[in-house]
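# Please work out how this folds:
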Amino acid sequence: MPFVFVLLWSAGFIAGKYSMPYAEPMTVLFMRYGGVVVCMLPLMALWHAPWPRRGAQPVVDAGAGASAMPGALDWRVIGHIAVAGLLMQAGYLGGVWSAARGAAGGSVGADCRAAAHPHGGVQ
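Numbers count the residues shown, from 1 in each chain. Next up, the predicted model:
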């Protein structure tokens, strides 16, 4: 499974490199994650993926082997997960690709440091 992860993760950087001349970084990320949602929603339904719910600990259904969580959906936890995902993906990858798009000669690191310290904190 680690090989699949590395293959999929690195493919995103290859696709990003070839898409940079034609689209803005956030547009490419939006299309990339839109495709992920289209692919994952049917799998989540097929595998009965558990969602965060209020109440007791997960209960394992001995008949089907799938886990079920009692109680209503916990929208607070779902919101925290969504914000963390948005910050990790849009903040991290959006920043990296925006810096790479404006970088000349491999100065992505300098661009990222300059963006993090816009008032001259890095010399």
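# going forward, measure contacts between C-alpha atoms and count neighbours the same way
Fine.
# Next, name the residue at the spatial heart of this structure.
For the chain, the residue nearest the mean C-alpha position is Gln89 (4.1 Å; Cα atoms, centre = their mean).
# Look at that one and give its secondary structure.
Classification of Gln89 by DSSP: H, G, I helix; E, B strand; the rest coil places it in helix.
# any idea how far Gly2 lies from Leu8?
For the record, residue 2 is Pro, not Gly. 10 Å (Cα to Cα, to the nearest Å).
# and the two? which has more neighbours close in?
Between Pro2 and Leu8, counted using other Cα atoms under 10 Å, the more crowded position is Leu8 (11 against 7).
# Could you check the pLDDT of the more buried one?
With respect to pLDDT, Leu8 scores 77.
# Quickly find the element holding it.
Under the criterion of DSSP states H and E, Leu8 resides in helix 2-19.
# following that helix, which helix or strand comes up?
Helix 2-19 is succeeded, C-terminally, by helix 25-47 (DSSP H and E).
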